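Colleague: model the following, please.
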Amino acid sequence: MLLCSSVLVFDTGVTMKLMDEVAGIVAARHCNTNIVTASVDAINFHRKIKKGCVVTVTGRLTFVSNKSMEIEVLVDADPLVEKEKGKYRAVSAFFTFISLDKENKPLNVPPLKVEGEEEQKHFEEGKARYLQNKAKRLAEKERLQ
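Modeller: As a prediction, this is how the structure comes out:
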């Protein structure tokens, strides 16, 4: 599932809010339930977004486990004035969302239909991140006990 939104953005906080909103829309559309952001993994600020740029925020579902969804969010900036500089990738991140029932308890997430080699590659990379993060959470839990 892919979602795009274009706006004028002026600061980092607004950009991060838009990224979370786009990821949330992708997650909610996939599971048709209430959702909540569980984590944000590595927001990478590649290049500064200058005033006067049109910003396109794109989200796509990359991996689904039983209870969570990983959404990759990309932010591209396109200068309105200095068009010769061209569109560029400004920010990227991975958001993890949980599907919730009416009592705000986690629900199972519908499986992701993977089509083609590119989507399969993204799915496998997402699965690796999921397993790595799960191992970190379990190690931290054991350390605290």
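
Colleague: any low-confidence regions in the chain?
Modeller: For the chain, applying pLDDT under 70 flags the ranges 1-10, 83-84.

Colleague: could you pick out the longest helix of it?
Modeller: Scanning the chain for the helix with the most residues, using DSSP state H, yields helix 116-144.

Colleague: for stretch 87-97, buried residues please.
Modeller: 90, 91, 92, 93, 94, 95, 96, 97 (16 or more other CB atoms under 10 Å). Glycine gets a C-beta too; all of them are placed from N, C-alpha and C.

Colleague: who's in contact with it?
Modeller: 15, 19-20, 23-24, 27, 35-49, 55, 59, 62, 68-78, 126, 129, 133 (CB atoms under 8 Å, 6 or more residues apart in numbering).

Colleague: quick one: the strands in this structure, in order.
Modeller: Assigned by DSSP state E, the chain shows strands spanning 2-8, 34-45, 53-64, 68-79, 88-100.

Colleague: nearest to residue 122, of the ones you listed?
Modeller: strand 53-64 (4.4 Å; CB to CB).

Colleague: which strands and helices sit next to that closest one?
Modeller: If contacts are counted by 3 or more CB pairs under 8 Å, 6 or more residues apart in numbering; DSSP states H and E, strand 53-64 sits against strand 2-8, helix 12-31, strand 68-79, strand 88-100, helix 116-144.

Colleague: any chance of the ones you listed in CSV, plus distance to residue 106?
Modeller: Output for the helices and strands packed on strand 53-64, formatted as CSV (distance: least, CB to CB, whole Å):
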stretch, distance to residue 106
strand 2-8, 23
helix 12-31, 11
strand 68-79, 8
strand 88-100, 5
helix 116-144, 14
